[in-house]
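A.B. asks: Sequence first, predicted model second:
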Amino acid sequence: MKSKMIRSLNTTISERSNDAVKCWIVQHVADSFRKESRNVGVIVQRGGTFDARFVGESSELEFDDRKLRFLKHPKVYRNWVRYWRRLIQDQEREVDAELRADQDGNFRVIDGGSINRVGADSIESICEYAFAMLVSQGGLSEVLHASKLSEEPHVVLRDSIAHEFRAFGLMGGSKNLFGRHPIVAHQAIIGSRTVHEFSFTQQHATLDLIEPLNLLTPQKRHIKDRAGWMAYAFNDVQQRVKRECDIIPFVIAEIPEKRDEVTNYCLDTLEGIATVINWGSPPERERFLNERQAAAA
């Protein structure tokens, strides 16, 4: 999913182009009386082909129960997702009928509009993008309180990076603070569409946005979701503040020596959007830290 995928979801039918992809948002309604809902998945359609992503899936029809702790009845949710998976995999006409049907209960599918000008992108990459934008950093983070989940694979890398920043006297609040432009952790930056919290920022002649990406983890869907969110967040902030100052995005990544399909996908997603630093390369890591020191002075 390259930068061309950083587009808005649009619910205006008259503005849909011929290559638009239809999108539905899957919601969990914990209290049917209060009607409070949270996004837990997306379904997309291109032509006669469907694809979907749901919260808690470790693979299709398999679940990571740690991600379902917010549900009172996770078994009901798993059965509900499996039902939709069977419909989508069969690519039958019943999918359209179910999407148009009136829905009640704790789970529902609502019209999410369309994603326009998708070009030659695969339906899988479009689905990953929609999930990352509508669920991963929105509904999912709110539902799972993701900032508190230590099992997320980027957290250990983020802590390692913060330790190095402190050792170099670069972190705001460090006793041996170096320079006038420290690195700040967990700073909220306003984008053109929403507010994003970045792991690290450094404001000097430019505003540098720094995010960790652990490509070594076996949690492949997490990696793809995170790379998609980074691309969206970087672009969103650039659109908002491009007239005020230059935005320089950095991704600090742990990259495997033998790159697999997911690694290449993530690096392709971020190509042209952010500078990727290979944290596992001592010369590259030292060069980056020296650059941070120069920016802090």
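C.D. replies: On my side now, so go ahead. Numbering: from 1, shown residues only.

A.B. asks: hey, which helix is longest across the chain?
C.D. replies: If you go by DSSP state H, the chain has its longest helix at helix 220-241.

A.B. asks: Please identify the buried residues of it?
C.D. replies: For helix 220-241, burial by neighbour count (16 or more other CB atoms under 10 Å) applies to 220-238, 240. Just so you know, the C-beta spots here come from the backbone N, C-alpha and C atoms, and that holds for glycine as well.

A.B. asks: Whichever helix or strand comes after it packs against which elements?
C.D. replies: Using DSSP states H and E, the helix or strand that follows helix 220-241 in sequence is strand 247-254. If contacts are counted by 3 or more CB pairs under 8 Å, 6 or more residues apart in numbering; DSSP states H and E, strand 247-254 sits against helix 153-167, strand 207-214, helix 220-241, strand 275-278.

A.B. asks: Next, format those as TSV and append distance to D90.
C.D. replies: Shown next, in TSV, are the helices and strands packed on strand 247-254 (distance: least, CB to CB, whole Å):
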stretch	distance to D90
helix 153-167	33
strand 207-214	35
helix 220-241	23
strand 275-278	40
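
A.B. asks: And the helices in this structure?
C.D. replies: Using DSSP H, helices in the chain cover 74-90, 94-100, 123-131, 140-144, 153-167, 220-241, 261-270, 282-296.

A.B. asks: Could you tell me the least trusted of these?
C.D. replies: Ranked by mean pLDDT, the helices of the chain bottom out at helix 140-144, with a mean of 42.

A.B. asks: Isn't L157 up against I255?
C.D. replies: No. Between L157 and I255 there is no contact under CB atoms under 8 Å: 11.4 Å.

A.B. asks: Which residue of these two possesses the greater neighbour count?
C.D. replies: Taking neighbours as other CB atoms under 10 Å, L157 and I255 compare with L157 leading, 22 against 18.
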